[in-house]
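# Quick one: sequence and predicted model below, then my questions.
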Amino acid sequence: MKAEVINPFLESASNVIEQMVQIRPSTGQLSLKEIRLVDHYVWIHIGMSGQVNGNIVFGLSETVALRMISAMMGGFVITEIDEMGRSAISELGNMISGNASTLLYNQGVRVDITPPRVLHAEALSDFSPGRALSVPLIMDGIGELEIQVLIA
């Protein structure tokens, strides 16, 4: 696994979050870890194929997801992740991944991405976690969004 693959996702996530949520996240420590898909988390899964094959998983607690959705909705307080909330958080993952794939393309790496799937731990029977490059993005007043890159 090359750590360079995660950099376009970090750059893209920072830019998209700043645009959508008006907070510039700081980057936590890069680590290689075993992915554990835990309860009370929202997972945004995006597949990647081409010159790099693998999966991108954005993980955030339901509380952080609600705060992000609320910020994306102009500050309207959201108390549950309903269909509109899932759509908003899915679009966030789509924007981050689409921009990251453009950054990879500009570096000479051609990849295709799948549409995002928003998942909860109980609905992950068809997703097999593994070891991933993982970096948290820390958003003051909101919490953390973890970016996990699993390269095949």
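Arrived safely, thanks for sending.
# max-length helix in this protein?
Across the chain, the longest stretch assigned as helix under DSSP state H is helix 83-106.
# Count the neighbours of Met84 for me.
11 (other C-beta atoms under 10 Å). Any C-beta I mention is one placed from the backbone N, CA and C, and that applies to glycine too.
# Kindly state the pLDDT recorded for the residue lying closest to His120 once chain neighbours are set aside?
If the residues on either side of it in the chain are set aside, His120 comes closest to Val42, at 6.6 Å by C-beta to C-beta, 6 or more residues apart in numbering. You'll see Val42 listed with a pLDDT of 91.
# which ones are touching Val42?
Contact partners of Val42, counting by C-beta atoms under 8 Å, 6 or more residues apart in numbering, are Gly59, Leu60, Ser61, Glu62, Ala65, Ile81, Ile89, Val118, Leu119, His120.
# If any of those residues are buried, put those into a ChimeraX selection.
Buried members of the contacts of Val42, defined by 16 or more other C-beta atoms under 10 Å, are picked up in ChimeraX with:
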select :59,60,61,65,81,89,118,119
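# Return the closest of the contacts of Val42 with respect to Leu137.
For the contacts of Val42, the minimum distance to Leu137 (C-beta to C-beta) is 9.4 Å, reached by Leu60.
# can you give me the helices in the protein?
6-21, 62-72, 83-106.
# Could I get those in CSV, plus columns for mean pLDDT and distance to Ile138?
Below are those laid out as CSV (pLDDT from 0 to 100; distance: least, C-beta to C-beta, whole Å):
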stretch, mean pLDDT, distance to Ile138
helix 6-21, 92, 11
helix 62-72, 92, 11
helix 83-106, 93, 16
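# any chance of those helices in CSV, plus distance to Arg131?
Listed next are the helices of the chain as CSV, based on distance: least, C-beta to C-beta, whole Å:
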stretch, distance to Arg131
helix 6-21, 13
helix 62-72, 24
helix 83-106, 20
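# So for Ser49, which of those helices sits nearest?
Ser49 lies closest to helix 83-106 among those, at 10.7 Å (C-beta to C-beta).
# Mind checking which residue lies nearest the centre of the chain?
Nearest to the geometric centre of the chain sits Phe58, at 2.7 Å (C-alpha atoms, centre = their mean).
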